[in-house]
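> Predicted model and sequence follow; I will ask about them next.
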Amino acid sequence: MTFALGQRWISDTESDLGLGTVVALDARTVTLMFAASEENRVYARNDAPVTRVTFNQGDVIESQEGWSLLVDEVIEDNGLFTYLGKREDTEEEVVLREIMLSNQIRFNKPQDKLFAGQIDRMDNFVLRYRALANQFEQHKSPMRGLCGMRAGLIPHQLYIAHEVGRRHAPRVLLADEVGLGKTIEAGMIIHQQVLAGRAERILIVVPETLQHQWLVEMMRRFNLHFSIFDEERCVEAYAEADNPFDTQQYVLCSLDFLRKSRKRLEQALEGDWDLLVVDEAHHLEWSVDAPSREYQVVEGLAEKTPGVLLLTATPEQLGRESHFARLRLLDSDRFYDYEAFVQEEEQYAPVADSVTALFSGQKLENEAKNQITELLSEQDVEPLFRIIESDSPEESKAAARQELIDNLMDRHGTGRVLFRNTRAAIKGFPTRNVHLMPMEIPQQYTTSMRVSGMIGGKMSAEARAVKNLYPEEIFQEFEGDDASWWQFDSRVNWLIEKVKEKRSEKILVIASRASTALQLEQALREREGIRATVFHEGMSILERDKAAAYFAQEEAGSGSSV
C-alpha cells in the first residue's frame, strides 16, 4: 500500500468510524484520524486493514461544508485526488480537494462497499453464508422454541409443547398428574409462542404462594424475565403509564391480587394480552347460578385474551361441574350447557374404543368399522378404510388411520382442548412402592382425641376422620401451639432413627403444613443435633434459594430437607 499525508481511507473492520485521513507516516506505521468519531488508529503499513476511498466521474460527493458536488473530472497529484465539477445547489464550477471531503461518509450498504473496493476474503463470505443458512434452518425447524430450555427433554412434555405451541392463540387445559411437569410444558409453549412472534404480551395468574416459583422457573429455564405485580408495584408504575400493566410485556401476579381490587382487575382487562396462563385452575369454583369471584376474574380475562393455558393436576377434583366450568373458559361455544356436556360425556366410551382400535394398527373388525362410520356419519370414511385394508405402503395406512383419529377427536369429547398424561401411562418413571408402617398411637393423643370428640359437638364422620389424621393438632388445641408433641410422637421417633441410619444419604420429608415442617426441623435439631433445612411457601425467594443450595451441598450441607 502507498500512503501519503492527506489521503482519505476507510477502515475495513470499523466502517462506522467514518472517513479517515492520513496524518502521520513512518517506516513501519501509518496513523489515521477519523474526525467523525474523534478516534485515531495506528496500523502497520504493510498490513493495514483499510481501503483507499476514490470517486469517479458522475459520482456525487459531499464536502465538509455540507454542499454536494457532481464529479466531472478527477485529477491525481502526488498520490492525492482533486475533484472538479458543479455544485448541485449553485451550479457553479468548483474544485474540491480530497482532504476536504466530508468526514461522515460511511460505506454501510453492500453496493457502497463493493464500489469502494471494500471486498472481504472469500472464506469470510462463506462463513457468513453458512451462518445465515444455519439460522434459516433453525428458524423453520418445527422444534424451534422447544430445545433452548435449561432442562432435559422428556417425550410426553415435548409432544404436548409441540402440539400446542405451534397453534395460533392456543386455548388448552394442561391436566397432567402431579410431578409430570405441567409448569415445564407451559414454559415451553410460552417460549415457542414468543419466538414465533405469536405472543408479545403474556399474563400469568397463579396462587400467591407460587409467584416466586414461577418467576424463577421462567427465568432460569427459559430466560423469560417476568415482573411480579402487586399493589406496591402498580403504584410505582404510575410514573410511566396510566395503566401499570402497560409498563411490562411479561407480567406475573396472584389471583387474590386481582380478586380483591376491582380497579386492578379493570386495568388488567385493558392490558391487551396475547396469552393468559392460569395455574391451579381447579380452585376456580363454579356453578350455574353462583360462580365464584375467582372464576369471574379468570373468565373476564379469558374472554379478552386470544390464547389461554389452564393448568391443573386434578381436572375432576371438584366434580364434573367444575371440570365443565374450566372447559367453558376455553371454548364457551363448544361447552355451552352443563346438562348437554354430561349427556355427551356418557357417549365417550365408544369413541375411546374406536380410537384404541385405530391406534393398535391391527385389522379393523366389522364392528369397529361400523362404530367409526356411525360416529363420523357426516363424512364418507369408506375410502380411508380401503386404504387401511389395501396393500398400500405402511406410511399411507398410518396417514389414513391418523386422519380418522383426528376426525374423531375433533368431533367428539374434549378434542384438542384437554391434554392429560398419567404416570401409569408413561414409561421411564421409577416405580413407587408404598411401605405402610403401623405405629402405636401415644396416650397423649388418644386422650386429646377423646376429649375433642366429647366437646366438639356434632360433626360428620368424614370431617371427624379428616381431623383425626392430624392428632398433633388436636393435642395442641388443648396444650397450646408451643406444646412439644414431637417429644413423644412415635412417627418422629421412627424418622429420627431412619435419618441416623441413612446419615450419608439425602432424605426428603414432606409435611402437609409449613408449621409441621418447622417443628420437625426443631425436633431433629434439639433431640439429635441433626441439621435439616426447611422449605415452605412462606419463605422469600432468597430464603428458598439458600435452603435449596444448603440441601444440595455434598459436603457440610444439610442431610435432610423438610
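On my side now, so go ahead.
> which helices and strands does the helix or strand harbouring R544 pack with?
If you go by DSSP states H and E, R544 is part of helix 541-552. Applying 3 or more CB pairs under 8 Å, 6 or more residues apart in numbering; DSSP states H and E, we find helix 541-552 packed against helix 211-222, strand 532-533. No exception for glycine: its C-beta is placed from N, CA and C like everyone else's.
> Show me where the stretch 301-450 of the chain has its helices.
For the stretch 301-450 of the chain, the helices defined by DSSP state H, counting those that start in this stretch cover 320-330, 338-345, 348-360, 366-375, 382-389, 394-411, 443-455.
> Using PDB, write down the CA coordinates of the first one.
Coordinates of the C-alpha atoms in helix 320-330 are reproduced here as PDB (Å, rounded to 0.1, in the frame of the first residue of the first chain):
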ATOM      1  CA  ARG A 320     -67.900 -32.800  36.700                       C
ATOM      2  CA  GLU A 321     -69.500 -29.400  37.100                       C
ATOM      3  CA  SER A 322     -66.100 -27.900  38.000                       C
ATOM      4  CA  HIS A 323     -64.400 -29.700  35.100                       C
ATOM      5  CA  PHE A 324     -67.100 -28.300  32.700                       C
ATOM      6  CA  ALA A 325     -66.500 -24.800  34.000                       C
ATOM      7  CA  ARG A 326     -62.800 -24.900  33.100                       C
ATOM      8  CA  LEU A 327     -63.600 -26.200  29.600                       C
ATOM      9  CA  ARG A 328     -66.200 -23.400  29.300                       C
ATOM     10  CA  LEU A 329     -63.400 -20.900  29.900                       C
ATOM     11  CA  LEU A 330     -61.500 -22.200  26.900                       C
END
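> Low-confidence ranges, the protein, go.
106-120, 315-319, 344-369, 371-380, 405-416, 425, 456-457, 541, 554-562 (pLDDT under 70).
> Nearest residue to the middle of it?
Nearest to the mean C-alpha position of the chain, counting by CA atoms, centre = their mean, stands G187 at 3.0 Å.
> from what I can see that one touches L146, true?
No: applying CB atoms under 8 Å as the test, G187 and L146 come out as separate, 10.4 Å apart.
> rewinding a little: for D333, which of the helices and strands packed on helix 541-552 is the nearest?
Evaluated with CB to CB, the helices and strands packed on helix 541-552 place helix 211-222 nearest to D333, the distance being 30.2 Å.
> Now do the buried residues in that closest one.
211-215, 217-218, 221-222 (16 or more other CB atoms under 10 Å).
> would you list those in TSV and tack on distance to L84?
What follows is those, written out as TSV (distance: CB to CB, whole Å):
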residue	distance to L84
Q211	73
H212	72
Q213	74
W214	70
L215	68
E217	69
M218	65
R221	66
F222	62
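> on contacts alone, who are the packing partners of the lengthiest strand in the chain?
In the chain, ranked by residue count with DSSP state E as the criterion, the top strand is strand 68-77. Contact analysis of strand 68-77 by 3+ CB pairs under 8 Å, 6+ apart lists strand 60-62, strand 80-87 as its packing neighbours.
> thinking again about what came up before, which one of the buried residues of helix 211-222 is nearest K260?
Among the buried residues of helix 211-222, and counting by CB to CB, the member closest to K260 is Q211, at 15.0 Å.
> Isn't that closest one up against S227?
No: counting by CB under 8 Å, Q211 stays clear of S227, with 10.8 Å between them.
> Pull up the overlap in contacts between these two.
Residues within reach of Q211 and of S227 at once, by CB atoms under 8 Å, 6 or more residues apart in numbering, are L252.
> which stretches of the stretch 101-250 of the chain form helices?
Going by DSSP H, counting those that start in this stretch, the stretch 101-250 of the chain shows helices at 110-115, 122-140, 155-165, 182-195, 211-222, 231-237.
> any chance of the ones you listed in JSON lines, with distance to A483 too?
Shown next, in JSON lines, are the helices of the stretch 101-250 of the chain (distance: least, CB to CB, whole Å):
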{"stretch": "helix 110-115", "distance to A483": "81"}
{"stretch": "helix 122-140", "distance to A483": "62"}
{"stretch": "helix 155-165", "distance to A483": "45"}
{"stretch": "helix 182-195", "distance to A483": "38"}
{"stretch": "helix 211-222", "distance to A483": "32"}
{"stretch": "helix 231-237", "distance to A483": "37"}
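> Which among the ones you listed is found nearest to S322?
Short answer: helix 182-195, nearest of the helices of the stretch 101-250 of the chain by CB to CB, at 17.5 Å.
> Show me the beta-bridge partners of L69.
L69 forms beta bridges with I61, R87, as assigned by DSSP bridges.
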